[in-house]
Structures are given as structure tokens and as C-alpha cells.
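[1] My questions are about this predicted structure, shown below with the sequence.
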Amino acid sequence: MLVHISRSPDVVADGKIVKENGREYWHDLPELSFWFMEYALSVHTIESIDEGRTRITWSEHARRFQVANRFGAILLNRIDPNIAPKVSRGFRQLALYTIQDALEVIIESSAQIRRAGIHIPAAAQWFLHASPQIWAFSKDKAGYEGEKIWKEWLGGSDGSKPTWVGDDGFSVKRWMFWKQQLVEVLEVEERGGRVIDKIVSHSRKAVEAMDDAERENP
């Protein structure tokens, strides 16, 4: 539906295209990526969940976050960047945020593994449903800003110092770093458990999707 709306004729009033915060109706789908991030992609820390400061359980939170990111990835895959460039850029940035939070942190402690159980299946959705786009962004250095001041910490109380210290934005080097992180995640399989099984399963599928993207668009 959103793809069809983005292809709708412009809304014109008094001879001018109607805009909201510089985005035109309808092809820019004004404010979609912002409100999607605010309401669908907000994530609680494991500490907050365990202490009952959230209204949903860990498993419900993991499921909702995964479904939201799957939706975002499918939209990124299907939206036409020539018709709706601002929508494409907005969801490209959401992909980067989600992947960064999942694959650029240390995963060692029990809390970090449980956090990964929320974040990695969600990040995997971008590779499973939009790997051709993510790979193209990486080759084109989309959103590339060169060196910048980096966050000192990712992921709240159960996160870590960022493990990626390269340039910002997408790049082939960063893509390969994510891929290596997913491969290393497979090593936690020996620790067993439903959470780890889910992490490993999605990591393996994501790596396969990345391999496919590289092979199809060398």
C-alpha cells in the first residue's frame, strides 16, 4: 500500500505541492521513517525487561522488533528510490541503526546474549529481505561521512563499547565486518538454549543472503 501511495499524484493546493517538513505529499511519504523509528523500533534494555519496567515480556519484545524490521526491510526493497528518494534514504538509515546496534557490540555475557536475541534476528531481516539494496549501498558508500566522533557506548546497560571504529555510513569494509560478526556469532551455538538457537539460525540465514547478494552483483 505504501509503495502505491508513494506513486500517487502530488497533492496541490493554491498551485503549490503540499509539504510537511520539506517532504512532499505523496511520493515522500512525509514523516514515515521518523515515526516508524519512534514507535516501532524503540528497544528496551534487558535490565528494564527483567525488572518489570516494561509492559511486554522479552519474547514479545523480540517478536515485535523482528516483525517491525522485517516490514522496514521489505519496504526498502520495494520502494523506488527514483520516485521516493527521501523514503529510501530514511529507511536506509534505519537499516544502518538496527544493524549497528546488533553487530557492532560485544556479545559475551548472559545479558548481552539475551540482548542479541532481540537485536540479531531483527538486523537479519534487512539482509534477508533487502540484501541487494544493503550491498548496493555498501558499494556506493551511501551515507558515507568519513571520520567522525563516534558514540562511546552502544546498547544501553547490556551493550558495550562499539566494536566498529571505521568510517560512518555504508561501505564494503563495514559490510564485511558485519558478515564476520555474524560468522563469529555462530560459535555461541555450543552454549545451547532457545535464545541462542534463534540467534544462530538468523545469523546463518543472514550470511547466506549476503553471499547471494555478493555473488549476484559482484
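    Received it, and whenever you're ready, just let me know what you need.
[2] quick one: low-confidence parts of the protein?
    1-36, 39, 144-151, 189-192 (pLDDT under 70).
[3] try 50 this time
    For the chain, the stretches flagged by pLDDT under 50 are 4, 27.
[4] Which parts of it are helices?
    For the chain, applying DSSP state H gives helices covering 2-6, 32-40, 46-50, 58-78, 85-103, 110-140, 172-185, 194-216.
[5] Now tell me what touches stretch 167-187 from outside.
    92, 96, 99, 103-104, 107, 116, 120, 134-135, 137-148, 150, 163-164, 166, 199-200, 203-204, 206-207, 210 (C-beta atoms under 8 Å, 6 or more residues apart in numbering). Quick note: C-beta positions are derived from backbone N, CA and C, even for glycine.
[6] which of those residues count as buried?
    Among the contacts of stretch 167-187, those classed as buried by 16 or more other C-beta atoms under 10 Å are 92, 96, 99, 103-104, 107, 116, 120, 134-135, 137-138, 141-142, 164, 199-200, 203-204, 206-207, 210.
[7] one step back: can you list the helices of the chain in a markdown table and add distance to G156?
    Below are the helices of the chain laid out as a markdown table (distance: least, C-beta to C-beta, whole Å):
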| stretch | distance to G156 |
| --- | --- |
| helix 2-6 | 30 |
| helix 32-40 | 16 |
| helix 46-50 | 8 |
| helix 58-78 | 13 |
| helix 85-103 | 10 |
| helix 110-140 | 8 |
| helix 172-185 | 19 |
| helix 194-216 | 18 |
